[in-house]
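# the following comprises the amino acid sequence and a computationally predicted model.
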Amino acid sequence: MKGVELSTGFQRAVCSVCRPRRPRSDASKHLVKRIRYPVSSASFSTSPTRRATDLTPASNRGIAAAPFSFGGDSEDSGLLKRVRVVPASPSYFSGKPDFTDSLLSLQALLRKYQTLPTVPAGQAPRVAWKTLAQFRLSLSEPVKAAKYHKIVEVLHRLNHIHPSLMPEEVLEALQKHKRDINPFENVANPRFIDGYGRAWGTGRRKASVATACVVEGEGEVLVNGKTLTQFFGRLHDRESVIWALKSTQRIDKYNIWALVKGGGTTGQAEALTLAVGKALMVHEPLLKPALRRAGCVTRDPRRVERKKPGHVKARKMPTWVKR
Amino acid sequence: MIIRHLALRQGRRALTSQPIRRWTRFFASQVDTVEASLQTTLGEIRKVEAFVNSRSDHPVSPVDADPSSTPDNDASPEENLSNLGSEITPHYQPHTLLTNPPSPSDITLELLLASGAHLGHNTSLWNPGNAKYIHGIRDGVHILSLETTAAHLRRACKIVTEVARRGGLILFVGTRAGQDRCVVKAAELAGGCHLFDRWTPGSITNGQQILGNCRMKVVDELDREIPDFEEQLLDRSVLKPDLVVCLNPLENYVLLHECGLNNIPTIGIIDTNADPTWVTYPIPANDDSLRCVQVIAGVLGRAGEAGNKMRLEAASQGEVTYQPAQGLKMPAEKKDGEGQASSGSAPVSELGFLQTLM
């Protein structure tokens, strides 16, 4: 008994050490040859996708029969066996591929034409680039302001290439980033003295709009058909209306006929300041610096500040009450 | 006793010491001695000449002691100096690392040393996990072993090549200032993706939210885009990289962690202050030197280029070296057009488009 057990145990031990002698069939050899992915089946991948690709042929070989081919769509399935899905842009993982690609293409363009002569700073044609909101809308990507500024910097530098040597592809690239309407091309209509010797000017302040007609005369003023003293009870307002003439010492040289509407007395008076100033500038353009110093050229943009929730007025807070 | 010993010792030394310098030295200048030695040397040479001339048939030309009559000095200084500096020896041109990066076969210890790959950080900043990559200490700075660097870099090249050959998606990441160009170049060569801006955390683990709007495309084995799969791609989950090459692992821990969670292998440049366990395949090198980073990125890009070339060669012989995308169906109405594309005759416009990526 003991001898038999010993011999069988020895046999088992030898079997466990040596490779099992299993004759390979010709079919299995053929299958091994046909595997295209040169993955050794001994290597085990922990990646789920990789494991699936590695082990599927092996399990097919071991357990199930080869999959049936029903024919018919052989050509299409042939294509499907050769396709793979890749990112459309190499900037895929940046999360904003279109933005990154456009930045890279602009930088490449700048490197290509870096040696071209440039115009001095400030003499390049004034261009309005797309605003951040417009740019975001064109790409539909969450681009931050600082990132967009990088693009604008490159555009600015490309725009400084000398216009006579500007390459065509740079022009195309710049055109893509320009606004549809260039606001710097807008020019104010020139103003003239009409056939009756009148010059018209418009002014605004707060909610008031004023139109003034200035003619050469003796210093008469009519606002909405009334004289200055009838229309404005406050002395300061009367002075405001003729401030353009008073600061240039021309009160007795021009007559004013004005229409004004909207707002209160102060707003109306200061709207008239602007209107009279502009009309006076038509008569005497050289007065512009003096009128600017007098404050008769620039529109005051301040409006009533809106009321906020939680406040009594725009900024006033409710009185603090203990309990 | 001590005095007796002293007298003995000093007396012996006084007797055996060199004799006092000859009194003539005080009157001779340094030039005189040099000239005298020259004269004695010349005399000896003349003796040797006379001896040789007496023994042999071919007389030896006499040695001239006057140096002013050498042929070089006859020429004008312009002729002597005209060629000075006109021969340009090979030197470092920084832009060539970007325009024409080195290939894996160019990896030499000289290249790595010249690019400063061996310079680590102050010894107090080290990570002990890097002990096996460190050669020694110099001026309080750890010096990396360049043999190890070269070996690890070659291994990384093989990985990149093989991943590219099997159609894998390789992502090159270098988010430090100045690394953008080498990252973009490497991705262009390897046909992969690049990231030189911030890694948006969750791009892998929460990719559907972050990369959901980024476009994908379906390509065949020759990298020609196949149209009409757009509707299916809309529903498809976003892509994950198959290999990530990170040039500055210290700043990209989140990326490497996400890769670890998704079993994506990573290659990273590990300086002496970085943790080598963050990446799968470390390359011990100096990640603070832009030149070193450009060398490594360029080499890995070239490796990817080689892998892509192998894949396309195999594809031109009808062999597909990658696992095809799963879950795609043929677009129904365009079967005829697809049949033409599969027969290998792509229109010219498609061929032009495939150059854009991969």
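Structure's in. What do you need?
# could you find the closest non-adjacent residue to the residue most central in space within chain B?
The centre of chain B sits closest to B:V295, judged by CA atoms, centre = their mean, with a distance of 3.8 Å. Leaving aside its chain neighbours, B:V295 sits nearest to B:S115 (4.7 Å; criterion: CB to CB, 6 or more residues apart in numbering or on different chains). For glycine as for every other residue, the C-beta is placed from the backbone atoms N, C-alpha and C.
# ok, the one you found touching B:R291?
Yes. With contacts counted by CB atoms under 8 Å, B:S115 reaches B:R291, the gap being 4.6 Å.
# tell me which element the residue nearest to the centre of chain B falls in.
Using DSSP states H and E, B:V295 maps to helix B:290-316.
# need phi/psi at the spatially closest residue to B:P284 that is not a sequence neighbour.
Nearest residue to B:P284, sequence neighbours excluded (CB to CB, 6+ apart): B:Y133, at 3.6 Å. B:Y133 adopts backbone torsions of phi -100, psi -10, taken as degrees, to the nearest 10.
# what is the burial count for B:Y133?
22 (other CB atoms under 10 Å in any protein chain shown).
# which ones are touching it?
Contact analysis of B:Y133 by CB atoms under 8 Å, 6 or more residues apart in numbering or on different chains lists B:144-145, B:148-149, B:270, B:272, B:276, B:282, B:284.
# same thing but 6 Å
B:144, B:148, B:284 (CB atoms under 6 Å, 6 or more residues apart in numbering or on different chains).
# out of those residues, the closest to B:M216 would be?
B:P284 (35.8 Å; CB to CB).
# report how many residues lie close to the closest one.
B:P284 has 28 neighbours, counted by other CB under 10 Å.
# same check on B:G207?
Neighbour number of B:G207 under other CB under 10 Å is 20.
# look up phi and psi at the closest residue in space to it that isn't next to it in sequence.
In this structure, B:G207 finds its nearest non-sequential neighbour in B:V238, 4.0 Å apart by CB to CB, 6+ apart. With angles defined as degrees, to the nearest 10, B:V238 sits at phi -70, psi 170.
# residues in contact with B:V238?
Neighbour list for B:V238: B:207-208, B:211 [criterion: CB under 6 Å, 6+ apart].
# go with 7 Å
Contacts of B:V238 were listed using CB atoms under 7 Å, 6 or more residues apart in numbering or on different chains, and they are B:207-208, B:211-212.
# relative to chain A, which of those residues is nearest.
Closest approach to chain A among the contacts of B:V238 (CB to the nearest CB): B:L211, at 6.1 Å.
# I figured the closest one hits A:K96, correct?
No. With contact defined as CB atoms under 7 Å, B:L211 and A:K96 do not form a contacting pair (10.1 Å).
# what is in contact with these two at once?
Residues touching both B:L211 and A:K96 (CB under 7 Å, 6+ apart): there are none.
# now stretch B:157-172: buried residues?
Neighbour-count burial for stretch B:157-172 flags B:157, B:159-172 (criterion: 16 or more other CB atoms under 10 Å in any protein chain shown).
# report the central residue of chain A.
Nearest to chain A centroid, counting by CA atoms, centre = their mean: A:L132, 1.7 Å.
# give me the pLDDT for it.
pLDDT for A:L132: 95.
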